[in-house]
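Engineer: Predicted model and sequence below, questions to follow.
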Amino acid sequence: MNRLVKSTSPYLRQHAHNPVDWYPWGAEAHEKARREDKPILVSIGYSSCHWCHVMEEESFMDEDVASFMNQHFVNIKVDREERPDVDQVYMDAVQILTGRGGWPLNCFLTPDLKPFYGGTYFPPQPRHGMLSWMQLLQRISQAYREDRGQVDRQADQLTGAIQGQRSHLVQKVGNSYAHRDERESLTEWYYELAKQFDRQFGGFGQAPKFPMITTLQLLLRIYYHTGKKEALEQVQRTLRAMLRGGIYDLVGGGLARYATDRAWKVPHFEKMLYDNAQLMELLADVYQLDGNETWAFFIRDIHQFLQQEMHRSSGGYYSALDADSEGIEGKYYTWSWSELESLLIQPEWIWLKDHFDLNVQGNWEHTNILYLQEAVDVERLLDKDSPWPGIRAKLKAARDHRIRPLLDDKISTHWNGLVIKALYHAGYVLGDQQFIDDADESLHFFLDHHRHAGQLAHIFAGGWWQEEVFLDDYAGIIAALVERIQLAGGTEYLHQVRALTQEMIGQFYQPDSTDWVMVPKSSRELPVEVKPMYDYVYPSATSSAASSLLRLGNMMDGPDWLAIAVKTMQSLEPLIHGYLSGFVSGAVNMTEIWFGINQLAIIGPQAPSFHDRQRKHYWPDVVVMLADRQDQSVPLLQHTPPDPGKTYYFLCDQFACKMPVENVKDLQALRQNVYF
């Protein structure tokens, strides 16, 4: 048993019984490395990472390997979800060295925390041109002892390369992005994405294939501003392909992290909170655009999955479900032919075989993943005459008796911000108060801690709040609050969003450079300053912060907030044009800067029902506030209704307001600049 046994992270506790003398990230390990002048091995992963488990079993449980590691290295285990700053620095290092990244991430550092070598997974024996883990350890140890000068030079060069990434990318782009108007940029972005789009199966690229929700959101904005139907169709095609099963769990609900194949059939079975949050929000947007009830069904399905599988009873949502159960990837989710046949009556079994791509020998690893045949539309599951609901209930009941995958029960403030925001948006679009109530419960879990502790925290786990906090956490909760403010009762949250926004700017914004940093300016310990510019599988913290400031600035007449947002995005604009795939959320922000954000006040005794009447309209570039009467303390609610007994829409553009109207039809005419 090692020092990880007391960790709150499930991932670290998984390694507590390794013979490796693991340390958690912190001063004790760093001081030991300096005192004994040993290289540091930082091994980074997360609880639902399949290949992290594989490498643990193959190498970190091996007594001889562990003995060598303990003798020659200071070994540190990091949960990337607890310390995204550590993960980003050393992921950058490995990507610069090898051209690729992923987890497990293994990086070797000098005692002053500078990286000098690293990689991802290493096998226990040499294969396919790869060194074994033991061979790598021996070579690193020898180089550190016998060629220390070269190791230090490599560390300095690599650290410098990490620090200079942004300026290097901007230099490469040069002025090639300049002199384009806004619509020309949107067209160019569309064709850049279209080159990567899989026209047969939807999504982007080949395999492995990730949902890329933020990219799909950009396509919706392109459609909204240009009317290019192909952009909307690509989003619809991708959603249908994913929801047919495989990457989407048709029995229990929820999206897996990615598919290992081009057709979305074979998932990497882990389910992440952030993927399901973003999918729910995207489905709500598309439902506003086309009214297809399929999207509404799956919004509710994801909500049910989150409440049943990921929800903490007193507020907050857990982080992930593992891909493995009983040590076997996907065992919880897959089926044998005979098992399916035995669970169903004959008509159900015939229907299932006619609609799902099943095989006696299995369609994957001698077992069956449930996904529809290519000729069967996902809507077939929802037909009135479909026996699928009854079949699904039987399969779920049977599956509930299996040994479940490990639950990563960390409560991430950032990821919960994504879920809470999505619940508010989906609840509004569907007109379902339960979504909003569930979101309120979780939002208050974080706000209550902030009120007591004076700041947010990154993780709640094991009954404790983590000391560290990151820009993502503030950006996530503020984005959720921005959504909440626009619903009935939203003005109650104004003082909290103001306070959090000022804290976020004070702790993480650098006005001289217009950069945002990941860790508070007073807490730096890594050899480089971490600036979260790039999108991951969710928007970057920088883009998320700027997005909220754009909306709050328009909602609350905050010119200082607007100026910070605009400066932030202007500094990123060359990178957005030069490297769109890494800055998609920034591109979405640019559309709001270019085309502006409307302000809509709904004032009068029927304000909530008036708000509800516009919920089927996709209107992404508007901020809304509603109240039963004029409120002089809130800039957007200072309008005077012509008749205090009636309810009015007040639509403003760049703080210039149009005449008040009393129905949605007239409001939509105002949106199109039709005056009457």
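Structural biologist: Happy to help now that I have it.

Engineer: Only C-alpha atoms from now on, for both contacts and neighbour counts.
Structural biologist: Fine.

Engineer: Identify all contacting residues around the lowest-mean-pLDDT helix or strand in the chain.
Structural biologist: Lowest by mean pLDDT, DSSP states H and E among the helices and strands of the chain is helix 165-173, with a mean of 73. Contact with helix 165-173 is made by 574, 575, 578, as judged by Cα atoms under 8 Å, 6 or more residues apart in numbering.

Engineer: okay, it in PDB with CA atoms only?
Structural biologist: Output in PDB follows, covering the C-alpha atoms of helix 165-173 (Å, rounded to 0.1, in the frame of the first residue of the first chain):
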ATOM      1  CA  GLN A 165       3.600  27.600 -28.800                       C
ATOM      2  CA  ARG A 166       1.200  30.400 -29.200                       C
ATOM      3  CA  SER A 167       3.600  32.900 -30.700                       C
ATOM      4  CA  HIS A 168       4.900  30.200 -33.000                       C
ATOM      5  CA  LEU A 169       1.400  29.400 -34.300                       C
ATOM      6  CA  VAL A 170       0.600  33.100 -34.700                       C
ATOM      7  CA  GLN A 171       3.800  33.600 -36.700                       C
ATOM      8  CA  LYS A 172       3.000  30.700 -39.000                       C
ATOM      9  CA  VAL A 173      -0.500  32.100 -39.700                       C
END
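
Engineer: in that helix, what's buried?
Structural biologist: For helix 165-173, the buried set under the neighbour-count rule, 16 or more other Cα atoms under 10 Å, comprises 170, 173.

Engineer: Next SSE downstream of that helix?
Structural biologist: For helix 165-173, the following helix or strand on the C-terminal side (DSSP states H and E) is helix 182-196.

Engineer: helix or strand right after that following helix?
Structural biologist: Heading C-terminal from helix 182-196, the first helix or strand you meet, by DSSP H and E, is helix 213-226.

Engineer: Check the model's average confidence along the helix or strand following that following helix for me.
Structural biologist: For helix 213-226, the following helix or strand on the C-terminal side (DSSP H and E) is helix 229-243. The average pLDDT within helix 229-243 is 98.

Engineer: And for helix 229-243, what's in contact with it?
Structural biologist: For helix 229-243, using Cα under 8 Å, 6+ apart, the contacting residues are 190, 197, 199, 201-203, 216, 219-220, 222-223, 248, 250, 263-264, 286, 377-378.

Engineer: need the contact list for residue 63.
Structural biologist: Contacts of residue 63 by Cα under 8 Å, 6+ apart are residue 19.

Engineer: now do residue 302
Structural biologist: 253, 254, 276, 280.

Engineer: what's the nearest residue to the second one if we skip its chain neighbours?
Structural biologist: Going back to what we said before, that points to residue 254. Nearest residue to residue 254, sequence neighbours excluded (Cα to Cα, 6 or more residues apart in numbering): residue 302, at 5.5 Å.

Engineer: ok so the one you found is a helix residue?
Structural biologist: Yes. Assigned with DSSP: H, G, I helix; E, B strand; the rest coil, residue 302 falls within a helix.

Engineer: Who's the closest spatial neighbour of residue 410, skipping the chain neighbours?
Structural biologist: Spatial nearest neighbour of residue 410, excluding adjacent residues (Cα to Cα, 6+ apart): residue 461 at 4.8 Å.

Engineer: about what we covered before: which among the contacts of residue 302 end up buried?
Structural biologist: Buried by 16+ other Cα under 10 Å: 253, 254, 276, 280, out of those.

Engineer: right, and out of those residues, which lies closest to residue 150?
Structural biologist: Lowest distance from residue 150 to the buried ones among the contacts of residue 302 (Cα to Cα) belongs to residue 276, with 45.9 Å.

Engineer: what's the distance between that closest one and residue 283?
Structural biologist: 10 Å (Cα to Cα, to the nearest Å).
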